[in-house]
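Asker: Using only what follows, build the 3D model:
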Amino acid sequence: MLKIGMELFIPIIISNIAHMFVVKKDLFKFLKIPVFTNAFGENKTYRGFVFVGLLTGILQFIFNGLLYKSFAAESFGLGLILGLTYMFSELPNSFLKRRLGIRSGEKPQRNSWLFTILDKTDSTFGVCLVFILYKNLPSVYFLKFFTMAFLTHLFLSKVLHQLRIKESL
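Answerer: Below you'll find the predicted structure:
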């Protein structure tokens, strides 16, 4: 299970941390186009989908080769799907926040703890679900991966926030 968990988490974690640097340094400006401002806000851009999707695909290909001694093109496809799933899974939460009048990048005044949990579980849920379906794993893996991913997400958010790489928890 450890090998499979590493295959799932490491590429997506690295991609998302790299994406934070891309946003912070405002790289790839030509892709900094909001997907649908009225529904999701200004922060959900094509840059995130393209960057996280492609980088996760590349890293999945490399990491799969290192773990299993097999550089299969299929692993790039899995990474691309997981990166895009990560990004798409954030959209319902963003939509909900915009409907409640919470602006992009802001924390709500009321029920902030609930939105913190939603922020850490939306993409985690999607990625874990797609991964176990793609790999045809027993459903118990979903619970294990989801719990591990949620706790890892909380921990890394705290560390990245303290290092001033991430703006909010």
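
Asker: Sticking with the closest residue in space to A73 that isn't next to it in sequence, tell me its helix or strand.
Answerer: Across the structure, with Cβ to Cβ, 6 or more residues apart in numbering as the measure, the residue nearest A73 apart from its sequence neighbours is F61 (7.5 Å). The C-beta positions use only the backbone N, C-alpha and C, and glycine is treated the same way. F61 belongs to helix 46-68 when assigned by DSSP states H and E.

Asker: Quick one: neighbours of P138, just the number.
Answerer: Neighbour count for P138, taken as other Cβ atoms under 10 Å: 9.

Asker: If we ignore the residues flanking it in sequence, what's nearest it?
Answerer: Using Cβ to Cβ, 6+ apart and skipping the chain neighbours, the partner closest in space to P138 is I132 (7.8 Å).

Asker: so is the closest residue to I102 other than its chain neighbours in a helix, a strand, or just coil?
Answerer: Computed as Cβ to Cβ, 6+ apart, the closest residue to I102 that is not its neighbour in sequence is P108, at 4.9 Å. When the structure is reduced to helix, strand and coil (DSSP: H, G, I helix; E, B strand; the rest coil), P108 reads as coil.

Asker: Run a quick check on P108 versus K97, I expect a contact.
Answerer: Yes - if you go by Cβ atoms under 8 Å, P108 and K97 touch, sitting 7.2 Å apart.

Asker: ok, now which ones touch the spatially most central residue of the chain?
Answerer: Taking Cα atoms, centre = their mean as the criterion, Y86 is the residue nearest the geometric centre of the chain, at 4.0 Å. Residues in contact with Y86 (Cβ atoms under 8 Å, 6 or more residues apart in numbering) are I12, S15, N16, V52, T56, S123, G126, V127.

Asker: R164: which of those residues is nearest?
Answerer: Nearest to R164 among those, counting by Cβ to Cβ, is N16 at 16.5 Å.

Asker: Past the longest helix seen in the chain, which element shows up next along the chain?
Answerer: Under DSSP state H, the helix in the chain containing the largest number of residues is helix 73-99. Towards the C-terminus, the helix or strand next in line after helix 73-99, according to DSSP H and E, is helix 112-135.

Asker: and the following helix or strand past that next one, what does it pack onto?
Answerer: The first helix or strand that comes after helix 112-135 along the chain, using DSSP H and E, is helix 139-162. Using 3 or more Cβ pairs under 8 Å, 6 or more residues apart in numbering; DSSP states H and E as the contact definition, the elements that helix 139-162 packs against are helix 2-24, helix 112-135.

Asker: Now do the buried residues in helix 139-162.
Answerer: For helix 139-162, the buried set under the neighbour-count rule, 16 or more other Cβ atoms under 10 Å, comprises 141-142, 144-146, 148-150, 153-154, 156-157, 160.
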